[in-house]
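**Q** Sequence and predicted structure are below.
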Amino acid sequence: MQKQKGGCLSSLIAIILLVWVASFFIGGNDSTKNNSKETDKTEQTSTSSSKEETSQSSQEVKNDGKDYTEVSNTEFASHLTTEINNQLSASGYQVTVKPVGNNVIYLYVPQDVKYNSNSEIQKIADSLYSIKESTFSNWAIDNGYDLGFTNSPDLYIKSEDDTTLAEESGIVNKSMKVKVNN
């Protein structure tokens, strides 16, 4: 009879221990619930303080220049036309730059460029893109624009008959992409 009582007692202790451990993992223990609430409060506090830091740091960065508008785009298009034509004066070629809205410019080249090979059009487009970017940087600084907030307008190179020969593409790594197939 002693043996049987000892076996029952051992089984009972094992079951109680098992229930206690299970309740600990399920969350039935009050001390676990209290610890969980403290953890929630800690996580909430750290989230709030990180949001405050983010908003403080974003408030420190501000646009120190003017907004780039349609008027700005028109002024830049005129300046770019003069700049490119000055560089092309020895070749006899002339271009026209027309603003479209506040973030696009069409650069019109002579009609015969349309019939060049794709590789020649690509070289011309890359050269004109490079001129546009450097001219814009200088012009924007001279005219009070913050280059951290002002992007140069997208460039479309067109022939006189309005065929798009190449266009600026990409978001981060911008480049010129030929649109005709010669």
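**A** Received, thanks. Numbering: from 1, shown residues only.
**Q** quick one: contacts for the residue nearest to Asn116 when sequence neighbours are not counted?
**A** Among residues not flanking Asn116 along the chain, Asn182 sits closest, at 6.7 Å (Cβ to Cβ, 6 or more residues apart in numbering). Just so you know, the C-beta spots here come from the backbone N, C-alpha and C atoms, and that holds for glycine as well. When the contact criterion is Cβ atoms under 8 Å, 6 or more residues apart in numbering, the partners of Asn182 are 115-118, 121.
**Q** do that again at 7 Å, thanks
**A** By Cβ atoms under 7 Å, 6 or more residues apart in numbering, the contact list for Asn182 reads 115-118.
**Q** List only those of those flagged as buried.
**A** With burial judged by 16 or more other Cβ atoms under 10 Å, the buried subset of these is Asn116.
**Q** which one among the contacts of Asn182 gets closest to Asn143?
**A** Asn116 (34.1 Å; Cβ to Cβ).
**Q** ok, Leu155 - contacts?
**A** So Leu155 contacts 105, 107, 129, 132, 168 (Cβ under 7 Å, 6+ apart).
**Q** And Ser117, by the same measure?
**A** Shown in contact with Ser117 (Cβ under 7 Å, 6+ apart): Asn182.
**Q** circling back: any chance of the contacts of Asn182 in TSV, with secondary structure and pLDDT too?
**A** Formatted as TSV, the contacts of Asn182 follow (DSSP: H, G, I helix; E, B strand; the rest coil; pLDDT from 0 to 100):
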residue	secondary structure	pLDDT
Tyr115	helix	97
Asn116	coil	97
Ser117	coil	97
Asn118	helix	97
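**Q** Read off the pLDDT value for the closest residue to Val109 other than its chain neighbours.
**A** Nearest residue to Val109, sequence neighbours excluded (Cβ to Cβ, 6+ apart): Val95, at 5.7 Å. pLDDT recorded at Val95 is 97.
**Q** Could you do Asp40 as well?
**A** For Asp40, pLDDT reads 47.
**Q** Then Gly170?
**A** pLDDT for Gly170: 89.
**Q** Where does the record place the domain boundaries for the chain?
**A** For the chain, the structural domains run 2-60, 70-178, going by automatic domain parsing.
**Q** worst average pLDDT in those domains?
**A** Looking at these, the lowest mean pLDDT belongs to domain 2-60 (a mean of 53).
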